[in-house]
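**Student:** Here is my input, please return the structure:
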Amino acid sequence: MNMATVKKSKRKIIIISVVAAVIVAAAAIGIAAAAVQNSITPVSLHTVSTSDIYEIVNATGEVSSGAVKEYKIGSVATVKEVFVKTGDEVKQGDLIATFDTSKFDSEIAKLQSSYKQARAGYSEAVEAQKAAKSNLAQVQKQIAELEKKNAQLQKEVSNNVSSMTVPTLPSDFPSIPVTNPGGSTNHGDVSDDTYDETMRNLIAAIDNLTEAINSLSGNAETGGQITDVVMQTVAEEMQKGNSSSKAIAEKSGNAVMAAIKRGDIRSENLLAANDDAAQMIQKAVGAVDWSDIGTAIPGGTGSAALLSNQLMLTAYYAQEQMYSSMASDSIVNAKKELMNTTKQALDTLQEAKQELAGGWTAAFDGTITECDLYAGEQTSLLSGGITLQNMGNKVVTISLGEYDIHKVKVGMPVKISTAYGEYKGSVISKAPVASGGGGSSIMDSVGSTMGISGLSSLTQSGAGVEVQVSVENPDEFIVIGFDADVEIDVGEHIGVTTVPSQAMILDKTGSYVFIYDEEEETVTKTLIETGASSVSEYEIISGVQLGDRIVLAPQSTFEDSFKVRIKE
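**Tutor:** As a prediction, this is how the structure comes out:
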């Protein structure tokens, strides 16, 4: 008996142990499955359906008078009489202030004279620019011819002077190109530093001499003729070994006078008398130190033709720079701006006088809401003047962003709300351009989703379009200067496909929802196109279909596609 009992007890223990192990394993599997299930993102779903959207644009604006006229002093004037004070009621055409305009006459006369001079200066600049362009073309043609001739002369001299040097000038000075077949550099007994300094002095001297020549005539041909005579004379004198500035100057002046008498230089194109022209040339040539020029020009005094050609080429380079500057638009534009500015000042003063001469009259029936003018006072540009308003006509001015302005049309009915009641009205105007910022803002899109309009106009970067709304039958409870809420009914959309605004994610690339795939148990981020909207819903043009199930309250951190579990 006892043995049998013991055996039965062991079998029972074994069975119990197996059952316990199975239970533990099942529990472990269940816990693991629950852990896996809990790691999957839970979501709530919404089935896409149809509904009616009553689209409304909401904004807040300031109440003002529908008709406002501000009378401002645009210049300094003397007030003769003021016939109104703040709070006075006036009728259209009533005289409200008069002024003494006698002091305007002298200022207008001065501006008329200034404008006449500015206009003449502009005309002269235009003509000078035309002449400079023509002269520049002539000078550039002469430069091309001289450069060609210079190359020929260099070749002839190089054949006779094998040690001819190649001068190297700084980049900001006109160059005198000389080709040395041997490629060696030789300034004789002159060092490189002395040579470069001599060349700088030469360029500066030629530049000053060119200015003197150009001052004698605005005609490039005549200037070129004078240059030819002067430079040829200088070269011939230096060929003779004459380096005296005084002697060369005298010879140059005489040569210019002789050329004028022969007709080589046309005297009718000179801006000075013949004797004066010769003396001016003599003075300019005498100001140049010619004693060291021979060391600066390759070939020294051994080639008068090359020396003369190089001097003339350098002079023409200086002329080219001068005419290039005169041919540019900078001078003409500056003269034109001065003329326009002077004309604008003149017109403004004349208009101010005309406006004040007959006095100020009321433009419409209304109330004087501001007056800070007093008889006998000298006004300033900072004076406030007089403000007239029609207090019986009130409007509310709001600002709408780009997501709402295109929905609003002139004539649409509106509801206006204040702390004291509601009023009917209508849209009476839309500004043609946006103001108040430099670009669009995603805040408008977000605000539109929430049923709030014009958010971008409240930011530094957002721009808004000004819209005015009339107030029908305004009473004393709608006060100018206070804010009022405006609600504009912009349309009804019946039986359209919609999704809740809370099911959407908005970013700079567009509007998105997450569509649920029942077979895969996943959701996928999908771009949608929206239409009309209300406070809580958006019309869907494309992207989802009726019956689609989408995620409610998706997070911006969601991946584009992932597995989900449905909340109970």
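**Student:** There's contact between Gln282 and Ala255 in this structure, I believe.
**Tutor:** No - when contacts are counted by Cβ atoms under 8 Å, Gln282 is not listed as touching Ala255 (9.9 Å). C-betas here are computed from N, CA, C, even on glycine.
**Student:** pLDDT-wise, which helix or strand of this protein ranks last?
**Tutor:** Sorted by mean pLDDT, DSSP states H and E, the helices and strands of the chain end with helix 442-449, the least confident at a mean of 48.
**Student:** partners of the helix or strand hosting Val433, with directions?
**Tutor:** Val433 belongs to strand 421-435 when assigned by DSSP states H and E. Strand 421-435 has its sheet partners listed here by DSSP bridges as strand 413-418 (antiparallel), strand 464-471 (antiparallel).
**Student:** So in terms of bridging, what pairs with Val427?
**Tutor:** Counting by DSSP bridges, Val427 is bridged to Val469.
**Student:** Surely it is in contact with Lys415?
**Tutor:** No - Val427 lies out of contact with Lys415 (Cβ under 8 Å); the separation is 11.9 Å.
**Student:** neighbour-wise, which of these two wins?
**Tutor:** Higher neighbour count among Val427 and Lys415: Val427, with 21 against 16, using other Cβ atoms under 10 Å.
**Student:** distance of the more buried one from Ser534?
**Tutor:** 19 Å (Cβ to Cβ, to the nearest Å).
**Student:** And for Glu351?
**Tutor:** Applying Cβ to Cβ to Glu351 and Ser534 gives a distance of 51 Å.
**Student:** More neighbours: which of the two?
**Tutor:** Shown here are Glu351 and Ser534; by other Cβ under 10 Å, Ser534 has more neighbours (18 against 12).
**Student:** Provide a list of residues in contact with that one.
**Tutor:** Neighbour list for Ser534: Ile53, Tyr54, Glu55, Ile56, Gly451 [criterion: Cβ atoms under 8 Å, 6 or more residues apart in numbering].
**Student:** which parts of stretch 341-358 are buried?
**Tutor:** Neighbour counts over stretch 341-358 (16 or more other Cβ atoms under 10 Å) mark Thr342, Leu346, Leu349, Ala352, Lys353, Glu355, Leu356 as buried.
**Student:** just checking, the second one touches Leu111?
**Tutor:** Yes - counting by Cβ under 8 Å, Leu346 touches Leu111, with 4.3 Å between them.
**Student:** what do those two both touch?
**Tutor:** Common neighbours of Leu346 and Leu111 (Cβ under 8 Å, 6+ apart) do not exist.
**Student:** out of the contacts of Ser534, which are inside strands?
**Tutor:** Among the contacts of Ser534, the members falling in strands (DSSP state E) are Ile53, Tyr54, Glu55, Ile56.
**Student:** Columns neighbour count on top of these, output as a markdown table?
**Tutor:** Formatted as a markdown table, the ones in strands among the contacts of Ser534 follow (neighbours: other Cβ atoms under 10 Å):
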| residue | neighbour count |
| --- | --- |
| Ile53 | 21 |
| Tyr54 | 13 |
| Glu55 | 21 |
| Ile56 | 18 |
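**Student:** now, among those residues, which is nearest to Met231?
**Tutor:** The nearest member of the ones in strands among the contacts of Ser534 to Met231, counting by Cβ to Cβ, is Glu55 at 85.5 Å.
**Student:** Contacts only, for the closest one.
**Tutor:** Applying Cβ under 8 Å, 6+ apart, we find Glu55 in contact with Lys407, Asp489, Val490, Gly491, Glu492, His493, Ala532, Ser533, Ser534.
**Student:** Can you give me the distance of Ser325 to Ser44?
**Tutor:** Ser325 is 77 Å from Ser44, where distance means Cβ to Cβ.
**Student:** The stretch 51-200 of the chain: strands as residue ranges?
**Tutor:** Under the criterion DSSP state E, counting those that start in this stretch, the stretch 51-200 of the chain carries strands at the ranges 68-71, 78-82, 89-90, 95-100.
**Student:** Out of these, which gets the lowest mean score?
**Tutor:** Sorting these by mean pLDDT places strand 68-71 lowest, at a mean of 86.
**Student:** Pull the number of nearby residues for the residue lying closest to Gln545 once chain neighbours are set aside.
**Tutor:** Nearest non-adjacent residue to Gln545, counting by Cβ to Cβ, 6 or more residues apart in numbering: Val48, 6.8 Å away. Val48 is flanked by 19 other residues according to other Cβ under 10 Å.
**Student:** ok, now how distant is Val48 from Glu472?
**Tutor:** Distance check for Val48 against Glu472: by Cβ to Cβ, it reads 41 Å.
**Student:** ok, which stretches of this structure are helices?
**Tutor:** Taking DSSP state H, the helices of the chain run over residues 2-39, 104-160, 192-215, 220-239, 245-262, 274-286, 293-296, 304-327, 330-357, 402-405, 442-449.
**Student:** Let me know the angle separating the longest one from helix 220-239.
**Tutor:** Comparing the axes of helix 104-160 and helix 220-239 via axes from the mean of the first three to the mean of the last three Cα atoms, to 10 degrees yields an angle of 40 degrees.
**Student:** quick one: helix 104-160 to chain centroid distance?
**Tutor:** Remark: helix 104-160 is offset 32 Å from the chain centroid, using Cα atoms, centre = their mean, to the nearest Å.
**Student:** which helices and strands sit right next to it?
**Tutor:** Other elements packing on helix 104-160 under the criterion 3 or more Cβ pairs under 8 Å, 6 or more residues apart in numbering; DSSP states H and E are helix 220-239, helix 304-327, helix 330-357.
**Student:** chain center to the longest one, what's the gap?
**Tutor:** Taking the mean of its C-alpha atoms, helix 330-357 sits 24 Å from the chain's own mean (Cα atoms, centre = their mean).
**Student:** Distance of the spatially closest residue to Met312 that is not a sequence neighbour relative to Ser252?
**Tutor:** Counting by Cβ to Cβ, 6+ apart, Met312 lies nearest to Met231, which is 4.3 Å off, once chain neighbours are set aside. Separation of Met231 from Ser252 (Cβ to Cβ) stands at 9 Å.
**Student:** How about Ser324?
**Tutor:** From Ser324 across to Ser252, the span is 27 Å (Cβ to Cβ).
**Student:** So the two - more neighbours on which side?
**Tutor:** Neighbours were counted for Ser324 and for Ser252 using other Cβ under 10 Å; Ser252 has more, 26 against 14.
**Student:** Go ahead and confirm that one touches Val230.
**Tutor:** Yes - counting by Cβ under 8 Å, Ser252 does reach Val230; the two are 5.1 Å apart.
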